[in-house]
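Enquirer: What shape does this take:
(one chain, ligands or ions: 3)
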Amino acid sequence: MRAFVCPVCHNFVPFERAECLSCGTALGLHLPSRSMVALADRAAVLDGVRWTRCTQSGPLACNWLASEATDVAARGRCLAHSLIRREPAPDDTIAREKMLPATLALRRLVYQLAELGLPVDPYWRRVGGLAFDLLSSFSTGERITIGHANGVITIDLVESLDAYRESLRVRLGEPYRTVLGHFRHEAGHYYQNILVETGDGARRHLARCRELFGDERASYADALARHYERGAPAGWQASFISEYATMHPWEDFAECFAHYLHITDTIDTSREAGMVLHADRVRFAAPRDVVPLESYTEAPIDQLLDDWKWISLFFNRVNTAMGKGPLYPFQISQPVADKLGFVHTVVRATA
Ligand SMILES: [Zn+2]
Ligand SMILES: [Zn+2]
Ligand SMILES: [Zn+2]
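Expert: Ligands and ions are numbered 1, 2, ... in the order given. Purely as a prediction, here's the structure:
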């Protein structure tokens, strides 16, 4: 994630802030330039276009700007919030409260997708475009299944409830479960569909995808029943990033896509902070300095993953120094590295 800067006093501004912590200037995040801009009367004119605060700035504390040139179908919302197709009723205050952390995760996702150069094509612009249904099984008692179908990603807002999510994480034996992780995983299903299985991507990528992840035409219902009856096969760690990835080729791809976003965002955040790991300053044997790149577009996956090996080792130790679990509690085996390499190839071919 970018380290944003106040255009007035040049101090650091966190991603989610709507005003500078140091000088108090009203700020808005302008996605096309990936920068914070100073606002006068809740608006700024950039390249001849007037940008105003997203209409969700009040209810959802959104600090993004919406272009007045955008389709009325965007409802005066920023790109991220315009993707929300369904949301809890205005009087469902319990669910609406959970929209705050969920939409912050959504903005983080959309920002990263734009940064990677992946298409964010809203449902209101074309049929099958990207949409989010943010619904709550907690307040309505309705059964909400987290998932993706034809461009629509459904998120159960109850996952924003820490006690609920953590108890589920423990029960399922998962080392990591976050709302942002759900968004990244479901985005993986969407991008596999539009970039690998259909259109031009099918000719370029589908055969290799099946070699690495298996044939996605295998029955999903059978795979689901088998997974919840027997769990992951013994020794799954040798070829999968998580137990859930063993269920079906689609889940394997989505898990790897999510990890690609975890890894690239964390490396980018480190680089934006000026972090370099100097081999001659550590106590243990380190083969080289680790200098995170501004973009890994031109770099092979091996370089990205080798940088990550050292950066994640560092952050895992930092987390345990604070009494927490490792930041990245996963092992990347060679087959998983090959799958991440495939995601890297698809992203690079698209960007
Ligand atoms: Zn400032
Ligand atoms: Zn917004
Ligand atoms: Zn999935």
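
Enquirer: For the closest residue to ligand 1 within the stretch 201-350 of the chain, give me its contacts.
Expert: Residue of the stretch 201-350 of the chain nearest ligand 1, by C-beta to the ion: Glu272 (17.8 Å). Glycine gets a C-beta too; all of them are placed from N, C-alpha and C. Taking C-beta atoms under 8 Å, 6 or more residues apart in numbering as the criterion, Glu272 is in contact with Met1, Arg2, Ala3.

Enquirer: From Asp307, how far out is Asp168?
Expert: For the record, residue 168 is Leu, not Asp. Distance of Leu168 to Asp307, computed by C-beta to C-beta, to the nearest Å: 32 Å.

Enquirer: These two: who's more crowded?
Expert: More crowded of Leu168 and Asp307, by other C-beta atoms under 10 Å: Asp307, with 22 against 14.

Enquirer: Phi, psi for the more buried one please.
Expert: Reported as degrees, to the nearest 10, the phi and psi values for Asp307 are phi -60, psi -40.

Enquirer: For ligand 3, what's the nearest residue on the stretch 151-300 of the chain?
Expert: Ala254 (4.4 Å).

Enquirer: Just the buried ones from the contacts of Glu272?
Expert: Arg2 (16 or more other C-beta atoms under 10 Å).

Enquirer: near ligand 3, which residues of the stretch 251-351 of the chain show up?
Expert: Among all residues of the stretch 251-351 of the chain, those adjacent to ligand 3 (criterion: C-beta under 5 Å from the ion) are Glu251, Ala254.

Enquirer: one more time with 8 Å, if that's ok
Expert: Glu251, Ala254, Glu255 (C-beta under 8 Å from the ion).

Enquirer: Return the closest of the contacts of Glu272 with respect to Gly325.
Expert: Met1 (21.4 Å; C-beta to C-beta).

Enquirer: what's near enough to touch the closest one?
Expert: Contact partners of Met1, counting by C-beta under 8 Å, 6+ apart, are Phe15, Arg108, Tyr111, Gln112, Asp265, Asp268, Thr269, Glu272.

Enquirer: Verify the stated contact: the third one with Phe15.
Expert: Pointing back at Tyr111 there. Yes - between Tyr111 and Phe15 there is a contact at 7.5 Å, judged by C-beta atoms under 8 Å.

Enquirer: What residues sit buried inside stretch 18-33?
Expert: Ala18, Glu19, Cys20, Thr25, Ala26, Leu27, Gly28, Leu29, His30, Leu31.

Enquirer: These in strands, which ones?
Expert: Leu27, Gly28, Leu29, His30 (DSSP state E).

Enquirer: What strand or helix carries the residue in the stretch 151-300 of the chain that ligand 2 sits nearest to?
Expert: Ranked by C-beta to the ion, the top residue of the stretch 151-300 of the chain for proximity to ligand 2 is Phe183, at 15.1 Å. In this assignment (DSSP states H and E), Phe183 forms part of helix 179-191.

Enquirer: where does this protein come near ligand 3, residue by residue?
Expert: Residues of the chain lying close to ligand 3 by C-beta under 8 Å from the ion are Ile146, Gly147, His148, His185, Glu186, Gly188, His189, Tyr244, Trp250, Glu251, Ala254, Glu255.

Enquirer: tell me the SS of the spatially closest residue to the fifth one that is not a sequence neighbour?
Expert: To tie it back to what came earlier, the one meant is Glu186. Of all residues not flanking Glu186 in the chain, Ile153 sits nearest, at 4.4 Å (C-beta to C-beta, 6 or more residues apart in numbering). When classified by DSSP: H, G, I helix; E, B strand; the rest coil, Ile153 comes out as strand.

Enquirer: partner residues bridging Ile153?
Expert: Phe132, His148 (DSSP bridges).

Enquirer: Could you shift the numbering so residue one becomes 8, and keep it that way?
Expert: New numbering, starting at 8: the last item is Ile160.

Enquirer: now it: how far from Ala194?
Expert: For Ile160 relative to Ala194 (C-beta to C-beta), the value is 7 Å.

Enquirer: for Thr327, same thing?
Expert: 30 Å.

Enquirer: between the two, who's got more neighbours?
Expert: Ala194 (23 against 12).

Enquirer: Pull the contacting residues for the more buried one.
Expert: Ala194 touches Leu116, Leu120, Ile160, Phe264, Ala265, Leu268, counting by C-beta under 8 Å, 6+ apart.

Enquirer: Understood, closing this out.
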